[in-house]
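Chemist: just to be clear, the model below is a prediction. Sequence and coordinates:
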Amino acid sequence: AGHFRIYWQIVLPISKQAMIVVGLLTFLANWNDYLGPLAFITSEKHYTLMQGLTLFQGSYSAQWNLMMAATSVIVIPSLIVFLFAQRYFIEGIAMTGIKG
């Protein structure tokens, strides 16, 4: 068997859960990132969703009702990704304790 066939039939099935978990955690870390885009984005027109949440806070007051509604909408994509990847996440944790 060649290198590609070994990778495709042996390595990839074994590491599928681990790669899905790494992808899930990378997505969530980038989705919730605040300080990274804050260093590079200067225009309010190009703000990310997390930076846009800070626009609901004024100097002396905050619009808590609008902030909570926006936060609820922003959480939905993270929740959907986690719910689809939850099975692989649990399998990856369960497989770490099994000795062959």
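Modeler: Perfect, thanks for sending it. Numbering: from 1, shown residues only.
Chemist: longest helix in the protein, please.
Modeler: Scanning the chain for the helix with the most residues, using DSSP state H, yields helix 64-95.
Chemist: which residues of the chain score low on pLDDT?
Modeler: Applying pLDDT under 70 to the chain flags residues 92, 95-100.
Chemist: so where does the most centrally placed residue in the chain fall, helix or strand?
Modeler: With distances taken as CA atoms, centre = their mean, Leu28 lies nearest the centre of the chain, 1.5 Å away. Using DSSP states H and E, Leu28 falls within helix 16-31.
Chemist: tell me what that helix is packed against?
Modeler: When contacts are defined as 3 or more CB pairs under 8 Å, 6 or more residues apart in numbering; DSSP states H and E, helix 16-31 packs onto helix 64-95. Bear in mind the C-beta positions are built from the backbone N, C-alpha and C, glycine included.
Chemist: so how far is Asn32 from Gly58?
Modeler: Gly58 sits 23 Å away from Asn32, going by CB to CB, to the nearest Å.
Chemist: helices or strands next to the next helix or strand after the helix holding Leu28 in the packing?
Modeler: Next helix or strand after helix 16-31 toward the C-terminus (DSSP H and E): helix 35-40. The contact analysis (3+ CB pairs under 8 Å, 6+ apart) places helix 35-40 against helix 49-53.
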